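K.L.:
got a predicted structure plus its sequence, pasted below:
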Amino acid sequence: MEGMNMVGVAMLLGVGVVVFLSINTYNRLVTLRNLFKNSFAQIDVQLKRRYDLIPNLVQVAKEYIKHERETLEAVIVARNQAAGAVKQAAADPGNVAAMQGLVAAETTLTSSMGRLFALVESYPDLKANQNMMQLSEELNSTENRIAFARQAFNDSVMQYNTSRELFPAVFFAGMYGFGPAQFLELENAGQRDAPKVSF
């Protein structure tokens, strides 16, 4: 009789430990998921600021380089695609497809902006325009903020992914629906630098 009580107590303790680990793991993963979602929100704010600056930059450039309409339109189209992609990614920063879509859209936008700035270099009056210089300075500042926010996001994603792969979380993560989060990585090394803006 006494042996059965000990077995019952041991089983109860075992179940209690499993329940405690389960609750603790769940709470930790929720905290870390919310952290990387908040980190992405910081990127989202800076990207929206960037997307708001681009049409103003194009408008100023349009006055000087009227015959370069194709480049200006490409920048606006790329900006709109990137703005749509960031909305999808912001809705679920853990979604791999949404993050890949954002990276692809940002790649296209960065390329378009590079072509625009190359054109601007060949127009001295445009380079000297006060509005263009101010917008370029704001864009440079925003690009730096995006880089810092992206680093913070990737750090929080790494912390989340590491935590969900450690024992005992590895057993509970899948059961509770905590899939891996996607880093916001750039596709090529040339893109790792903010677009060069010099006026």
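P.N.:
Alright, I've got the coordinates. Residues are numbered from 1 along each chain as shown.
K.L.:
the nearest residue to residue 92 once chain neighbours are set aside: which element?
P.N.:
Taking Cβ to Cβ, 6 or more residues apart in numbering, and ignoring the residues beside it in sequence, residue 92 has residue 98 as its nearest neighbour in space, at 5.9 Å. Every residue, glycine included, has its C-beta placed from N, CA and C. Assignment of secondary structure by DSSP states H and E places residue 98 within helix 96-121.
K.L.:
buried residues in that helix?
P.N.:
Judged by neighbour count using 16 or more other Cβ atoms under 10 Å, the buried positions of helix 96-121 are 98-103, 105-113, 115-117, 119-120.
K.L.:
and it, how far out from the chain middle?
P.N.:
Between the mean C-alpha point of helix 96-121 and the mean C-alpha point of its chain there is a distance of 14 Å (Cα atoms, centre = their mean, to the nearest Å).
K.L.:
which element follows it toward the C-terminus?
P.N.:
Scanning the chain past helix 96-121 towards its C-terminal end, the next helix or strand to appear is helix 124-128 (assignment: DSSP H and E).
K.L.:
in that next one, what's buried?
P.N.:
Applying a neighbour-count criterion of 16+ other Cβ under 10 Å, the buried positions in helix 124-128 are residue 126.
K.L.:
what's it packed up against?
P.N.:
Counting contacts by 3 or more Cβ pairs under 8 Å, 6 or more residues apart in numbering; DSSP states H and E, the secondary-structure elements packed against helix 124-128 are helix 2-64, helix 96-121.
K.L.:
ok, and what's touching that helix?
P.N.:
60-61, 64-65, 120-121, 132-133, 199 (Cβ atoms under 8 Å, 6 or more residues apart in numbering).
K.L.:
swap in stretch 169-187?
P.N.:
Contacts made with stretch 169-187 from outside it, assessed by Cβ under 8 Å, 6+ apart, are listed as 21-22, 25-26, 28-29, 33, 36, 40, 43, 93-96, 99-100, 102-104, 106-107, 150, 153-154, 157-158, 160-161, 163-165, 192.
K.L.:
let's see it at 7 Å
P.N.:
Taking Cβ atoms under 7 Å, 6 or more residues apart in numbering as the criterion, the residues outside stretch 169-187 that touch it are 22, 25-26, 29, 33, 36, 43, 94, 96, 99, 103, 107, 150, 153-154, 157, 160-161, 163-164, 192.
K.L.:
helix, strand or coil for the nearest residue in space to residue 100 that is not next to it in sequence?
P.N.:
Counting by Cβ to Cβ, 6+ apart, the nearest residue to residue 100 once its immediate chain neighbours are dropped is residue 182, at 7.2 Å. Per DSSP: H, G, I helix; E, B strand; the rest coil, the secondary structure class of residue 182 is coil.
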